[in-house]
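*Asks:* sequence plus predicted model, see below.
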Amino acid sequence: MSEALLPGALPAAGASEMTLGVMGGGQLGRMFVHAAQRMGYFTAVLDPDPLSPAGRVSHHHIQAGYTDAAGLQQLAALSCAITTEFENVPAPALAELARLRPVAPAAAAVAIAQDRADEKAHFVRCGVPCAPHAVIASAQQLAAVPDSLLPGILKTARMGYDGKGQVRVRSQAELAQAWNALQQVPCVLEKMLPLQMECSVIVARNAAGQCVHLPLQRNLHRDGILAVTEVYEGNVPAPLAARAVAAAESIAHGLNYVGVLCVEFFVLEAPASGDADLGRLVVNEMAPRPHNSGHYSEDACDVSQFELQVRTLANLPLVPPRQHSPCIMLNLLGDLWPEGGVPPWEQVLALPGTHLHLYGKQRAAKGRKMGHLNVTGASVAEVRATALQAAQILGIAGF
Ligand code: ATP
Ligand code: MG
């Protein structure tokens, strides 16, 4: 992928449409499609759901399963380059596409992010500390788990998201019970860590190995689901932020990664004595794509995470993004939808600096991500006051 795929070529000059393809039609695909279209690209989405959020706004929508050979052929035939919007795209499907077209991120990098055990091994290889853990894929490994990992969280190695496939366990007996309840699929047991806060960083890396990043996000999770992201000067102590960015970049370089990568971190409670910052930053997991915690960039930065995805995929120049406004993002979950109605948007949008993003989903369910609200303003105090007001109107707990 050395040549840039430039938009805007004219049909009168005999050019064909410059189309970017994406595997998956969820909200991340929808925002990628919006960013690509704004820059003059045509888009193609592969997703089996006829009403998928991205499929509905794309020039082309291939309604096929992710491993459907004819669907993959069609996506490759339409697209000049292909990306993915969710990490559980079967890696062989990406590898198949890569035989036909440039694909970023590569199947090998996505495959590592699909498996918590492989992912942690990669963090260790990069010298980035992660939570003490043990892989449990057999009865022997279960029996060998040291008590020092308890209490802990048992997580399925594959297919988990939004806290799904996770069980908190306090004892060896609960651990055995939980592993049985998870059908004895390969799992990772992580020690439960005392979290002071959580943060994440979005990096974008191109084929030449150049890396840029968005400012560090401070994240609040509720019930295992991201609820609030705050991004402004001082949201996280500067030395921690610098180390998180360095760690994320080394994780990206170690994968020879091309595309947008999000790395999530835990910041542990400070020890009673000693260097308060040393050893407090622990990597949680990575996502080989834009991430919910990066949605603030659409309204608060001059280059959003989705434009970064377009730029890395099309091999356009990468420039460091700049945040031009403090921002707080509130996730809008299905819980907020009243029976037969909609949340009180008119009250929320009457507050200055509120930006509503809805994904066009057909059905609201508890914990389902329906949209997000970005709040920007002239100062942190103003943004916090407005975000808290919006949260109160919507029935989201304060933070
Ligand atoms: P997603 O992919 O949607 O971010 P997930 O299902 O992969 O979520 P994790 O990121 O592993 O889940 O965990 C969800 C949340 O649970 C974390 O953000 C954190 O709040 C809490 N959590 C997870 N692991 C630990 C741990 N080892 N110690 C303390 N809290 C944890
Ligand atoms: Mg997570």
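*Replies:* In hand now; what should we look at? Ligands and ions are numbered 1, 2, ... in the order given.
*Asks:* next up, the contacts around the residue of the stretch 1-150 of the chain found nearest ligand 1.
*Replies:* Closest residue of the stretch 1-150 of the chain to ligand 1, Cβ to the nearest ligand atom: residue 131 (4.5 Å). Every C-beta, even on glycine, is put in place using the N, C-alpha and C of the backbone. By Cβ atoms under 8 Å, 6 or more residues apart in numbering, the residues touching residue 131 are 190, 191, 193, 266, 282, 284.
*Asks:* how about residue 159?
*Replies:* 88, 114, 165.
*Asks:* and it, how far from residue 179?
*Replies:* 16 Å (Cβ to Cβ, to the nearest Å).
*Asks:* ok, now residue 316?
*Replies:* 47 Å.
*Asks:* when those two are compared, which one has more neighbours?
*Replies:* Neighbours were counted for residue 316 and for residue 179 using other Cβ atoms under 10 Å; residue 179 has more, 24 against 17.
*Asks:* packing partners for the helix or strand harbouring that one?
*Replies:* Assigned by DSSP states H and E, residue 179 falls within helix 172-181. Here helix 172-181 touches helix 139-143, strand 152-156, strand 166-169, going by 3 or more Cβ pairs under 8 Å, 6 or more residues apart in numbering; DSSP states H and E.
*Asks:* can you do 6 Å?
*Replies:* Applying 3 or more Cβ pairs under 6 Å, 6 or more residues apart in numbering; DSSP states H and E, one finds that helix 172-181 contacts strand 166-169.
*Asks:* skipping adjacent residues, who's closest to the most centrally placed residue in the chain in space?
*Replies:* For the chain, the residue nearest the mean C-alpha position is residue 291 (2.2 Å; Cα atoms, centre = their mean). Closest residue to residue 291 apart from its sequence neighbours, by Cβ to Cβ, 6 or more residues apart in numbering: residue 262 at 3.4 Å.
*Asks:* please parse this structure into its domains.
*Replies:* 11-103, 132-191, 195-394 (automatic domain parsing).
*Asks:* sorry, back to before: could you turn the buried ones of the contacts of residue 159 into a ChimeraX selection?
*Replies:* Selection of buried members from the contacts of residue 159 for ChimeraX, criterion 16 or more other Cβ atoms under 10 Å:
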select :114,165
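*Asks:* just put the contacts of residue 159 in TSV and tack on pLDDT.
*Replies:* Shown next, in TSV, are those (pLDDT from 0 to 100):
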residue	pLDDT
88	88
114	94
165	84
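*Asks:* which among the contacts of residue 159 gets closest to residue 354?
*Replies:* residue 88 (32.4 Å; Cβ to Cβ).
*Asks:* what kind of secondary structure is the closest one in?
*Replies:* Reducing the assignment at residue 88 to three states with DSSP: H, G, I helix; E, B strand; the rest coil gives coil.
*Asks:* report how many residues lie close to residue 110.
*Replies:* Neighbour tally, residue 110, other Cβ under 10 Å: 27.
*Asks:* and the host helix or strand of it, what does it pack against?
*Replies:* Taking DSSP H and E as the criterion, residue 110 maps to helix 107-113. Applying 3+ Cβ pairs under 6 Å, 6+ apart, one finds that helix 107-113 makes contact with helix 91-100, helix 116-125.
*Asks:* rebuild those helices as CSV, extending it with mean neighbour count, mean pLDDT and distance to residue 362.
*Replies:* Below are the helices and strands packed on helix 107-113 laid out as CSV (neighbours: other Cβ atoms under 10 Å; pLDDT from 0 to 100; distance: least, Cβ to Cβ, whole Å):
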stretch, mean neighbour count, mean pLDDT, distance to residue 362
helix 91-100, 17, 94, 25
helix 116-125, 18, 96, 31
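*Asks:* save the ones you listed as CSV, and put in distance to ligand 1 too.
*Replies:* Output for the helices and strands packed on helix 107-113, formatted as CSV (distance: least, Cβ to the nearest ligand atom, whole Å):
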stretch, distance to ligand 1
helix 91-100, 18
helix 116-125, 8
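*Asks:* columns distance to residue 155 on top of those, output as JSON lines?
*Replies:* Below are these laid out as JSON lines (distance: least, Cβ to Cβ, whole Å):
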{"stretch": "helix 91-100", "distance to residue 155": "20"}
{"stretch": "helix 116-125", "distance to residue 155": "6"}
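*Asks:* how about the ones you listed, which one is nearest residue 396?
*Replies:* Across the helices and strands packed on helix 107-113 (criterion: Cβ to Cβ), the nearest stretch is helix 116-125, sitting at 29.4 Å.
*Asks:* what about stretch 36-47, average pLDDT?
*Replies:* If you average the pLDDT over stretch 36-47, you get 98.
*Asks:* what comes up buried for it?
*Replies:* Neighbour-count burial for stretch 36-47, counted by 16+ other Cβ under 10 Å, picks out 36, 37, 39, 41, 42, 43, 44, 45, 46, 47.
*Asks:* quick revisit: filter the contacts of residue 131 down to the ones in strands?
*Replies:* 190, 191, 266, 282, 284 (DSSP state E).
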